[in-house]
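1. Build the 3D model from these lines:
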Amino acid sequence: MSERPPRSRLELPGVGELAVLYPDLCYAAVETVAATPAAAFAGAVLAAWPATTTDRDLPVASLIVSRERPDRFSPELSIREPFELQVWAGGAVSFEIEFAGRDVAGTGPEWEEMRTALSEWAQARGTRLVGVHNDRGRSLSDVWNARFAVPRGETPIGELAELARRAIRVAELRASAILTVTDLLGLLRAGEGAALVGLRESATLLLRGVPSLAGERERWQLASDVAALANGSQGGLVLHGVATREEGGVPTATGVEPFDAAGRGAALEHVLARLVYPPPDGLRIEPLALADAAAQGLLAIVVPAQDRILKPFLVHGALLDDRIDGRFVSLVERRDADTHVDGIAALHAAIAAGRALLRGPDQAITTTDPSPTRDPEHDPD
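-> Next comes the predicted model:
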């Protein structure tokens, strides 16, 4: 940038004077500027500081904010938010966030994964991701930056600051090594369905489309999803209303398929009560509203970790020759990103373990080695 005369204040129409910390960095309490359109700040900046910079990578001037109350705000002492509103030569406006990520020295595909996640999120919020980077000149190696365009100049600064806070939350949850069910639910309860993009199924997360209970196979699949998570050590989450594709054999979220989630909960509860035994403790079905999706949303089935005395959880019916036979029961378990239907040996072991627990430690159990169970489908005779 070219040399500029020292300036300690910037006059912002309708607001008054803002503190200027450096020749190009303004600072204010966010409440003071919350109702001011981004374009009004840009106009004040360009009027006070003609765009004489020759560096296209640097804004003409920026605004940082604090959550401190205006009557307690101090340019020297108040803590700033990780948000910066930037004015560029020509009048374009952007906002930039900072968030904690992995040390950039050891990253690989994480950069592209973060770009994809934030780009999808931004698109759903009516803005556009400009880029993700690490500003090594001003930040530590594990502090990431993301910049977003502000397409509508009339957007109030307070609204942009709140949008930035939501973007930071999305980015930091996606950057964390372990995304817990609690973390993910918190994100979705805030309406951030677009943040699902790129998430892969795991031992505790199942991604499903719009639920259908039209056939016995669909009902059995729903019950199997819940029973498999209940039989795991951590429980988990079944999310309905998610579009997926296979990546390396693992279903991966590509977007959302919002539906009338609030109207489906009772039907799902009825199916689970009939097909899963015993009923998982603390099971809940929760509709999740999405931002900008009217009454449409996702449906979460939350399966808490279960007491071992309740296990195994069984599903009424078994999948035989592509049909459900109600004369049998199924024992299903979640292993990594796959659901497995256990055979008769695993079911017998679970029953034997339960009987042993009821007998108590003082009664010995003797076992014999029985002859193999005859399997009519594989019997050579």
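2. mean confidence for the longest helix along the chain?
-> Using DSSP state H, we find that the single longest helix of the chain is helix 157-175. Helix 157-175 carries an average pLDDT of 89.
3. Return the list of helices and strands in contact with the helix or strand containing residue 269.
-> Following DSSP states H and E, one finds residue 269 within helix 265-275. Counting contacts by 3 or more CB pairs under 8 Å, 6 or more residues apart in numbering; DSSP states H and E, helix 265-275 packs against helix 216-231, strand 284-289, strand 297-303, strand 314-320. To be clear about C-beta, it is placed using only N, CA and C from the backbone, and glycine gets the same treatment.
4. What mean pLDDT does the very next helix or strand once past it get?
-> Once the chain leaves helix 265-275, the next helix or strand it forms, by DSSP H and E, is strand 276-277. Summarised as a single mean, pLDDT over strand 276-277 is 94.
5. And for stretch 207-222?
-> Taken as a whole, stretch 207-222 carries a mean pLDDT of 90.
6. So, low pLDDT: which residues of the stretch 251-381 of the chain?
-> Scanning the stretch 251-381 of the chain for pLDDT under 70 picks out 292-295, 321-322, 342-348, 350, 353-381.
7. swap in the stretch 51-200 of the chain?
-> Scanning the stretch 51-200 of the chain residue by residue, the ranges that satisfy pLDDT under 70 are 51-56, 104-108, 136-139, 176-179.
8. so where do the helices sit in it?
-> 110-124, 157-175, 181-189 (DSSP state H, counting those that start in this stretch).
9. could those go into CSV alongside mean neighbour count?
-> CSV is the format used below for the helices of the stretch 51-200 of the chain (neighbours: other CB atoms under 10 Å):
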stretch, mean neighbour count
helix 110-124, 19
helix 157-175, 20
helix 181-189, 16
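10. With distance to residue 44 added, can I get those helices in TSV?
-> Output for the helices of the stretch 51-200 of the chain, formatted as TSV (distance: least, CB to CB, whole Å):
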stretch	distance to residue 44
helix 110-124	26
helix 157-175	12
helix 181-189	36
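11. Which among those is found nearest to residue 249?
-> Residue 249 sits nearest to helix 110-124 of all the helices of the stretch 51-200 of the chain, at 18.0 Å, using CB to CB.
12. helices or strands next to that closest one in the packing?
-> In terms of contacts (3+ CB pairs under 8 Å, 6+ apart), helix 110-124 is packed against strand 128-133, strand 143-149, helix 157-175.
13. Which elements pack onto the longest helix of the chain?
-> With contacts taken as 3+ CB pairs under 8 Å, 6+ apart, helix 157-175 sits against helix 30-33, helix 38-48, strand 61-66, strand 80-87, strand 93-100, helix 110-124, strand 143-149, helix 181-189.
14. can I get the CA coordinates of stretch 283-299 in PDB?
-> The C-alpha trace of stretch 283-299 is given here as PDB (Å, rounded to 0.1, in the frame of the first residue of the first chain):
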ATOM      1  CA  LEU A 283     -34.100 -43.400  22.200                       C
ATOM      2  CA  ARG A 284     -35.400 -40.200  20.700                       C
ATOM      3  CA  ILE A 285     -36.600 -39.000  17.200                       C
ATOM      4  CA  GLU A 286     -35.900 -35.400  16.600                       C
ATOM      5  CA  PRO A 287     -36.900 -33.300  13.600                       C
ATOM      6  CA  LEU A 288     -34.200 -30.800  12.600                       C
ATOM      7  CA  ALA A 289     -35.300 -27.600  10.800                       C
ATOM      8  CA  LEU A 290     -32.900 -26.300   8.200                       C
ATOM      9  CA  ALA A 291     -32.100 -22.600   7.600                       C
ATOM     10  CA  ASP A 292     -33.900 -21.200   4.500                       C
ATOM     11  CA  ALA A 293     -35.900 -24.400   4.000                       C
ATOM     12  CA  ALA A 294     -39.400 -23.300   5.300                       C
ATOM     13  CA  ALA A 295     -41.000 -26.300   7.100                       C
ATOM     14  CA  GLN A 296     -38.700 -28.800   5.500                       C
ATOM     15  CA  GLY A 297     -35.800 -30.400   7.400                       C
ATOM     16  CA  LEU A 298     -34.000 -33.600   8.500                       C
ATOM     17  CA  LEU A 299     -35.000 -36.300  10.900                       C
END
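15. So which bits of it are buried?
-> 283, 285, 286, 287, 288, 289, 290, 293, 296, 297, 298, 299 (16 or more other CB atoms under 10 Å).
16. The fifth one and residue 184: what is the separation?
-> Computed as CB to CB, to the nearest Å, the residue 288 to residue 184 distance reads 10 Å.
17. between the helices and strands packed on helix 110-124, which gets nearest to residue 33?
-> Ranking these by proximity to residue 33 (CB to CB) places helix 157-175 first, at 4.7 Å.
18. Lovely, talk soon.
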